[in-house]
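**Student:** from the sequence below, what's the structure:
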Amino acid sequence: MNRGKVYSVSSVNQYIKNMFSNEYALSVVFVKGEISNCKYHSSGHIYFTVKDEGSQLACVMFRGDRKGLGFTMENGQEIIVGGSINVYERDGKYQLYAKKIVLAGDGILAERYEQLKKKLESAGYFDPDRKLPIPKYVKRVGIVTAQTGAAVQDMINISTRRNPYVQLILYPAKVQGEGAAETIAAGIQTLDEAKVDVIIVGRGGGSMEDLWAFNEEIVADAVFACRTPVISAVGHETDFTITDFVADLRAPTPSAAAELAVYDVRQVLEELYDYEDRLARSILRQIETYSERLSFLEAKLKSCHPEHQIREQRQRLMNLEDRLCVVIRQACRDKKHEFALLAGRLDSVSPLKKLASGYAYVSDKDQNMIDSVHRVKKGEEVCVTFADGMVTAEVREITPSGKGGK
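**Tutor:** Got it, this is the predicted structure:
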């Protein structure tokens with residue numbers, strides 16, 4: 001077998017790139033299509049795909065060319081892209097390097113999305129008042145998603161890590177393509193009849209077409225009619241589907257849905273330990289409070305006991321007795337002193353003292369004092385009292401003095 005010249009991959013890709021670069025028709029081209037797989041990269045570049053019914057074309061708009069972009073690109077929008085088509089040598093793929101992008105009208109999927117959203121919103125499907133609260137402590141969690149894939153594994157891993165005792169019931173549903181919406185709706189109805197505590201409906205990220213099953217009215221009807229709380233977890237945080245609006249709670253990702261649905265048993269145990277500690281401290285405070293109150297009442301009861309009262313009154317009487325004795329002794333001393341003064345004064349005017357000085361006391365026979373010669377008559381008997389005795393005498397003669405005489 002004859003073999004011609006062998007080229008390296010880089011050489012082939014470079015040759016093809018030169019062909020594209022030299023082709024004038026590809027240097028300036030305008031393409032109309034619907035946006036799919038749109039991603040805003042952290043570098044500032046925008047990577048997306050434009051497609052129609054029969055084919056699709058990879059595109060990129062570099063950060064420096066975004067100045068003329070007057071809207072935020074979203075999956076489903078119909079656009080016209082102006083730029084050049086060339087080869088990306090590293091991957092050996094050709095793509096459209098966009099310089100100008102304008103809206104060509106709403107995309108088919110975006111238009112269907114908005115129409116259904118408006119219809120369901122007017123029918124009350126999105127009303128906050130009809131949304132059910134998510135139970136805090138669940139035992140059985142129903143999951144409607146594909147049986148294989150990262151989404152279901154993430155939900156299983158996170159749920160079992162947070163609470164290994166929770167029961168997970170998986171309804172394996174088709175989440176993309178023809179018939180996906182019907183299997184998702186059937187899964188919601190089946191788990192609702194199984195009386196699980198909460199249902200998670202979701203899948204991993206993807207393009208608008210990949211997530212379209214969750215924008216179908218049959219799925220919205222199933223979520224709306226479900227008597228079990230439903231958490232929607234479709235795609236990434238930036239993806240919004242009709243199911244998100246109808247569900248009782250939207251989770252940004254399937255992993256976040258598992259965290260919202262399944263409580264962390266470790267946190268519950270920590271809360272229980274905290275409650276136990278607070279209860280113990282509260283009981284100890286109550287015991288201390290009532291112990292102090294009991295001691296106070298015990299002391300008060302002792303103070304009211306008859307024996308204590310008797311001792312108190314006895315002590316009080318003893319104190320009063322001591323005070324009375326002091327008062328009596330003082331009064332006796334005062335009276336003795338006063339008596340001595342009166343006795344001295346009385347002694348100074350005592351008749352006996354006068355008699356002892358040579359004076360005599362004269363009275364009639366009836367012991368009435370005679371203090372004047374005019375009170376006696378001649379011949380009457382009088383009594384004359386001396387300091388050492390008494391003499392009875394007869395009045396023989398009365399001689400009045402000149403002073404006061406008749």
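**Student:** give me the phi and psi for residue 361.
**Tutor:** Here is the backbone geometry of residue 361 (degrees, to the nearest 10): phi -110, psi 120.
**Student:** now it: how far from residue 230?
**Tutor:** From residue 361 across to residue 230, the span is 140 Å (C-beta to C-beta, to the nearest Å). For the C-beta atoms, the positions are set from N, CA and C on the backbone; glycine is no exception.
**Student:** what of residue 26?
**Tutor:** Distance from residue 26 to residue 230, by C-beta to C-beta: 49 Å.
**Student:** who's more crowded, the two?
**Tutor:** residue 230 (27 against 16; other C-beta atoms under 10 Å).
**Student:** low pLDDT regions in the stretch 101-250 of the chain?
**Tutor:** Residue ranges of the stretch 101-250 of the chain with pLDDT under 70: 105-108, 111.
**Student:** now do the helices in it.
**Tutor:** 108-122, 150-162, 180-193, 217-225, 242-246 (DSSP state H, counting those that start in this stretch).
**Student:** list the contacts of the first one.
**Tutor:** Just to be clear, that refers to helix 108-122. 34, 74-78, 106, 126, 208-209, 212, 215, 217, 220, 242, 245-246 (C-beta atoms under 8 Å, 6 or more residues apart in numbering).
**Student:** in strands, which of these appear?
**Tutor:** 34, 78 (DSSP state E).
**Student:** which among the contacts of helix 108-122 count as buried?
**Tutor:** Among those, those scoring as buried are 34, 75-78, 106, 126, 208-209, 212, 215, 220, 242, 245-246 (criterion: 16 or more other C-beta atoms under 10 Å).
**Student:** just give me the closest of these to residue 61.
**Tutor:** residue 77 (13.8 Å; C-beta to C-beta).
**Student:** backbone dihedrals for that closest one, please?
**Tutor:** phi -70, psi 140.
**Student:** is it true that it touches residue 51?
**Tutor:** No. Assessed by C-beta atoms under 8 Å, residue 77 is found out of contact with residue 51, at 11.8 Å.
**Student:** and the helix ranked longest in the chain, how far out from the chain's middle?
**Tutor:** Ranked by number of residues, the top helix in the chain under DSSP state H is helix 306-348. Centroid displacement of helix 306-348 relative to its chain, using C-alpha atoms, centre = their mean, to the nearest Å, is 73 Å.
**Student:** beyond it, next helix or strand please.
**Tutor:** Using DSSP states H and E, the helix or strand that follows helix 306-348 towards the C-terminus is helix 351-356.
**Student:** contacts for that following helix?
**Tutor:** With C-beta under 8 Å, 6+ apart as the criterion, helix 351-356 contacts 347, 361, 385-387.
**Student:** PyMOL command for the buried members of the residues you listed?
**Tutor:** Buried residues within the contacts of helix 351-356, by 16+ other C-beta under 10 Å, are selected in PyMOL with:
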select buried, resi 361+385
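**Student:** closest to residue 299 out of the contacts of helix 351-356?
**Tutor:** Checking the contacts of helix 351-356 one by one against residue 299 (C-beta to C-beta), the nearest turns out to be residue 347, at 64.5 Å.
**Student:** what sits against the closest one?
**Tutor:** residue 353.
**Student:** what angle separates the helix or strand containing residue 285 from helix 150-162?
**Tutor:** Using DSSP H and E, residue 285 sits in helix 265-304. Angular relation of helix 265-304 and helix 150-162 on a 0 to 180 degree scale: 30 degrees, by axes from the mean of the first three to the mean of the last three C-alpha atoms, to 10 degrees.
**Student:** just the mean pLDDT for the helix or strand harbouring residue 83, thanks.
**Tutor:** Taking DSSP H and E as the definition, one finds residue 83 inside strand 78-88. Per-residue pLDDT over strand 78-88 has a mean of 88.
**Student:** which neighbours does that strand have in its sheet, and in what orientation?
**Tutor:** strand 29-40 (antiparallel), strand 93-103 (antiparallel) (DSSP bridges).
**Student:** name the residues that touch that strand?
**Tutor:** Against strand 78-88 from outside (C-beta under 8 Å, 6+ apart): 13, 16-17, 20-21, 26-35, 50, 59, 61, 73, 93-108, 110.
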